[in-house]
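[1] pasting a predicted model and its sequence here:
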Amino acid sequence: MNYMKLLGFSDVHTDELALKELKSKATGCDLIVCAGDISRGGRSLKNNCSEINSWGKEVLIVPGNNERLELIDLMTKLFSNIKNIHGQVIKRGSYNFAGIGGGLPSVFKTPLELSEEEIKSVLKKFKGVNNLILVSHAPPYGVLDSPIKGEDIGSRELLKFVKEEKPLMILCGHCHEQGGKEELVGKTRVINLGKHGLIINL
């Protein structure tokens, strides 16, 4: 399959109205990609995964900083359409999808926070992968990652990976204020998906 229609979203947290909106957008899509934080501190995770699973589409997901990795793994066992791709590469059609979840350490001490060294360790697995679409909860540093002017919450290691490996696309979230926006880093499309979701034609 050289053509693919994706629905990508992130950071719905406990917003039931956003999930209803996304369900309508999922019709006609080949694949759904979630860049994490479908719960808030783990609350409503099972209910929201159940809802997303009921859409009848394959869902590639990474945990957000609000979701422990083992809980997302549990959801993939409970719900057959949901696949956790944190640290994994999965080929779909002509594209290789890889994932890295969590956010950087913060004062909020959320459930899944990774140091830059830990992020670097995960990203090493994806070096040299062709036709790569990277699903990352956190954005690259300085790219769609500012909740307020002058504050960057993205990953420097992820930015370095983008510049060196030149993936086709980074699908991210985490910074709610940048949801629905897109920037280019070289030829790599960086898209902050946001809770309202975006249809992406590959």
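    Nice, thanks for sending it over.
[2] tell me how many other residues crowd L193.
    28 (other C-beta atoms under 10 Å). All C-beta spots, glycine's among them, are computed from the backbone N, C-alpha and C.
[3] quick check: it touching V12?
    No - applying C-beta atoms under 8 Å as the test, L193 and V12 come out as separate, 10.1 Å apart.
[4] per-residue pLDDT, the spatially most central residue of the chain?
    When C-alpha atoms, centre = their mean is applied to the chain, the residue found nearest the centroid is A35 (1.8 Å). The score at A35 is 98. That number is its pLDDT.
[5] list the contacts for it?
    Contact criterion C-beta atoms under 8 Å, 6 or more residues apart in numbering gives 8-11, 62, 64, 135-137, 171-174, 193 as the residues in contact with A35.
[6] try 7 Å this time
    With contact set as C-beta atoms under 7 Å, 6 or more residues apart in numbering, A35 has these partners: G8, S10, V62, V135, S136, H137, L171, C172, G173, L193.
[7] now Y95
    M4, N131, I133, L202.
[8] now the second one: how far from L60?
    Using C-beta to C-beta, to the nearest Å, one gets 15 Å for the distance from N131 to L60.
[9] neighbour-wise, which of those two wins?
    Comparing N131 with L60 by other C-beta under 10 Å, the one with more neighbours is L60, at 24 against 14.
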